[in-house]
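J.: Build me a structure from this.
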Amino acid sequence: MNTDLLRKWLNLPPGVWPPEDRTILALANGPVTAAHIEERALAQMEKLRPYQLVDPDLVTEGMNRLAQALIALTDEANRILAPVAALPQIDREISFEVNAPSMPTIAPLVLPVIYEAEIVRRPRRIPKGERKPTTVELVETDTLEPTVEIPEPHLIPAGVVYVPTDRRKAYAELVALRKVIQAWEKLQPQFASPSENLQTSAMVLGFFESVAECRHTIAVHGNTEWFEDHGGLVLTIVRNPMALSVFRMFVRSQRRELAADWANAAADLRGRYLGMRQTLQATKPRHKFGTMLRETQIWMRENPEWLLTTVVLFTFAIGLARTIVR
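T.: Residues are numbered from 1 along each chain as shown. You can find the predicted model right below:
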């Protein structure tokens, strides 16, 4: 593997591979925030994307190293701020507001900073002869929660969903809605799992890819009015340039709300798609002959024994006719 090409693409100085975490992200020495680390990782990844078709193996190696450096440095930055997070609950708010003119206008999400940890009280083992202490040790636990499944979509009756009178435009909107659904459901591995902390390079890369695709697809094909009332919490993260940092700041209760918001929006998208398709099918002009032919085909599929009987009678008639002719 020619890692010199990777160094050239990433504008790195010569040396051994893999380089140090700060070197591969082009970070100077000194304290850095998680948001700045993510910004540098995204900038370095964008340098590799033009070469994905030229040398996919080399680009994959570079992407994995960038993701690993991102995880390591982000964890280090969070550990430096750990004493602040260990303080009792502080009454303050963080507001995430991003200007994205091409995306639907969603009100800024205001999240309370809640320092919560699931803890259990476990007495410390006491050696013989030592006096029993009056305090207990706090041990953190990280229980895994199941992935939130998409609820059964509500079937919208034909005629309720708005469908353009121009059928060509209506089918184009149906195709665009299907693309939005596919991009939205690619968020499921990360957004539908309250326990997912993105601790591996594969999960980090998958997060970046799915968020970027969803952001682009909704901006191009999304219905602005519809998204004003659906998936607002998910879109707050998707629209944010520092999506990974915002996602990892969410505590467990907020992650549950995020998963429920994603699942409900996915079900509503599916219901909207089914309603549009049902309306188009119900209003499709049909010719009398074509309708009769389709009904005959359906009847023959449902009653195959009559087809066999017809073939047998037809064969018998041919044989009888030939016998009479002789």
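J.: Any idea how far the helix or strand hosting M63 is from the middle of the chain?
T.: Secondary structure from DSSP states H and E places M63 in helix 56-80. Centroid separation between helix 56-80 and its chain, computed with C-alpha atoms, centre = their mean, to the nearest Å, is 20 Å.
J.: what's the answer for stretch 205-214, then?
T.: Averaging C-alpha positions (C-alpha atoms, centre = their mean) puts stretch 205-214 7 Å from its chain's average.
J.: Would you mind putting the CA coordinates of it into CSV?
T.: Below are the C-alpha coordinates for stretch 205-214, written out as CSV (Å, rounded to 0.1, in the frame of the first residue of the first chain):
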residue,chain,number,x,y,z
LEU,A,205,-17.8,6.8,9.0
GLY,A,206,-21.3,5.3,8.7
PHE,A,207,-22.6,8.3,10.7
PHE,A,208,-20.9,10.8,8.5
GLU,A,209,-22.1,9.1,5.3
SER,A,210,-25.7,8.7,6.3
VAL,A,211,-26.0,12.3,7.8
ALA,A,212,-24.5,13.8,4.6
GLU,A,213,-26.8,11.9,2.3
CYS,A,214,-29.9,12.7,4.4
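J.: buried stuff in that stretch?
T.: 205-208, 210-211, 213-214 (16 or more other C-beta atoms under 10 Å). Where you see a C-beta, it was placed from the backbone N, CA and C, and this is true even at glycine.
J.: same question, stretch 37-52
T.: 37-42, 44-45, 48.
J.: What of stretch 245-256?
T.: Neighbour counts over stretch 245-256 (16+ other C-beta under 10 Å) mark 245-250, 254-255 as buried.
J.: Now tell me what touches stretch 206-222 from outside.
T.: Outside stretch 206-222, the residues that touch it by C-beta atoms under 8 Å, 6 or more residues apart in numbering are 42, 45, 100, 102-104, 176-177, 179-180, 182-184, 186-187, 189-190, 198, 227, 235, 237-239, 243-244, 247.
J.: go on, stretch 38-53?
T.: Here stretch 38-53 makes contact (C-beta under 8 Å, 6+ apart) with 6, 9-11, 24-27, 58-59, 62-63, 66-67, 69-70, 74, 208, 241-242, 244-245.
J.: which stretches of the stretch 151-300 of the chain have low pLDDT?
T.: Applying pLDDT under 70 to the stretch 151-300 of the chain flags the ranges 155-164, 284-291.
J.: Run through the helices of it in chain order.
T.: Assigned by DSSP state H, counting those that start in this stretch, the stretch 151-300 of the chain shows helices spanning 167-185, 188-191, 201-221, 224-227, 232-238, 243-249, 252-282, 288-302.
J.: Turn those helices into TSV, columns for distance to L320.
T.: As requested, the helices of the stretch 151-300 of the chain are exported to TSV (distance: least, C-beta to C-beta, whole Å):
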stretch	distance to L320
helix 167-185	52
helix 188-191	65
helix 201-221	64
helix 224-227	67
helix 232-238	72
helix 243-249	78
helix 252-282	46
helix 288-302	25
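J.: Which among the ones you listed is found nearest to E145?
T.: Minimum separation from E145 across these (C-beta to C-beta) falls at helix 252-282, 7.6 Å.
J.: Quick check: which helices or strands does the closest one pack against?
T.: Applying 3 or more C-beta pairs under 8 Å, 6 or more residues apart in numbering; DSSP states H and E, we find helix 252-282 packed against helix 167-185, helix 188-191, helix 232-238.
J.: Compare those and give me the one nearest L293.
T.: Minimum separation from L293 across the helices and strands packed on helix 252-282 (C-beta to C-beta) falls at helix 167-185, 21.6 Å.
J.: Alpha carbons only: can I get the closest one in CSV?
T.: Provided in CSV are the C-alpha atoms of helix 167-185 (Å, rounded to 0.1, in the frame of the first residue of the first chain):
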residue,chain,number,x,y,z
ARG,A,167,-49.4,12.7,-13.6
ARG,A,168,-45.9,13.1,-14.8
LYS,A,169,-45.2,15.6,-12.0
ALA,A,170,-47.0,13.4,-9.6
TYR,A,171,-44.8,10.4,-10.4
ALA,A,172,-41.7,12.6,-10.1
GLU,A,173,-42.8,13.6,-6.6
LEU,A,174,-43.4,9.9,-5.7
VAL,A,175,-39.9,9.1,-6.8
ALA,A,176,-38.5,12.0,-4.8
LEU,A,177,-40.4,10.9,-1.7
ARG,A,178,-39.0,7.4,-2.1
LYS,A,179,-35.5,8.8,-2.2
VAL,A,180,-36.2,10.8,1.0
ILE,A,181,-37.4,7.6,2.7
GLN,A,182,-34.3,5.7,1.8
ALA,A,183,-32.0,8.4,3.0
TRP,A,184,-34.0,8.8,6.3
GLU,A,185,-33.9,5.1,7.0
